[in-house]
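Asks: here is a sequence together with a model predicted from it:
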Amino acid sequence: MSMLLLALLAGSMSTGGSETVFAVSPAIFDCMPKKVRPGQRITFSKQMAELDELAVITPRGKTTHFLVVGSPPEEMRPLMTTESLARVHSFSVDVSTLQGLEWSHASSPEKIFREAGRYEFYLSSTLESEEGGYTCTVEYSP
């Protein structure tokens, strides 16, 4: 089985400067279609219940926007609870309305798909750890 491994080095997906590895494995986590436009939906499929936190890195690439996370801050409007994400094998999101929260002081939920480019989704049992997980990407064209 060939798996492309991605390492997020210094960013909000790593702790203490150490590497966090996310694997590309469509059999475990995938998103379709791979190219989207406003008004379309992305369907995610996942095969492991313990993978219950979801985030996205936008083309700007400097920050992580959390979509589903355990113990979300009060200002976050999560896509669903971690318990709900653990139970589902597939779900879809509307590109035009998807919102996430940058995990920083005084942040507020913001629209995710705002510019053209590559959006990287990360699925893990604990995003803010060295545990790693799985990733899939979509290309957005407004």
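Replies: All right, it came through fine. Owing to the predicted nature of the structure, the values given are computational and were not obtained by experimental measurement.
Asks: so how far is E139 from the closest residue to A86 other than its chain neighbours?
Replies: Spatial nearest neighbour of A86, excluding adjacent residues (C-beta to C-beta, 6 or more residues apart in numbering): D52 at 4.1 Å. (Each C-beta comes from the backbone N, C-alpha and C, glycine too.) Per C-beta to C-beta, to the nearest Å, D52 is found 26 Å from E139.
Asks: who touches stretch 74-85?
Replies: Stretch 74-85 has contacts (C-beta atoms under 8 Å, 6 or more residues apart in numbering) with 51-54, 66-70, 72, 88, 91, 93, 98-99, 101, 107-109.
Asks: those, buried ones only, as a PyMOL selection?
Replies: Command for PyMOL that selects the buried part of the contacts of stretch 74-85, burial taken from 16 or more other C-beta atoms under 10 Å:
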select buried, resi 51+52+53+54+66+67+68+69+72+91+93+98+99+101+107
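Asks: and the spatially most central residue of the chain, how close does it get to S71?
Replies: In the chain, the centroid-proximal residue (C-alpha atoms, centre = their mean) is A55; its distance is 2.7 Å. Noted for A55: a distance of 14 Å to S71, by C-beta to C-beta.
Asks: ditto for H89
Replies: From H89 over to S71 the distance is 24 Å, taken as C-beta to C-beta.
Asks: more neighbours: which of the two?
Replies: H89 (10 against 6; other C-beta atoms under 10 Å).
Asks: that's a strand at A86, yeah?
Replies: No: using DSSP: H, G, I helix; E, B strand; the rest coil, the secondary structure at A86 is helix, not a strand.
Asks: mind listing what it touches?
Replies: Residues counted as contacts of A86 (C-beta under 8 Å, 6+ apart) are A49, E50, L51, D52.
Asks: restricted to strands, list those.
Replies: Taking DSSP state E, every one of these sits outside strands.
Asks: tell me which of these fall in helices.
Replies: When the contacts of A86 are checked against helices (DSSP state H), there are no matches.
Asks: ok, the nearest residue to V88 once chain neighbours are set aside - contacts?
Replies: Distances taken as C-beta to C-beta, 6+ apart place K46 nearest to V88, at 7.4 Å, with adjacent residues excluded. Residues near K46 by C-beta under 8 Å, 6+ apart: I28, F29, V88, H89, S90, L123, Y134.
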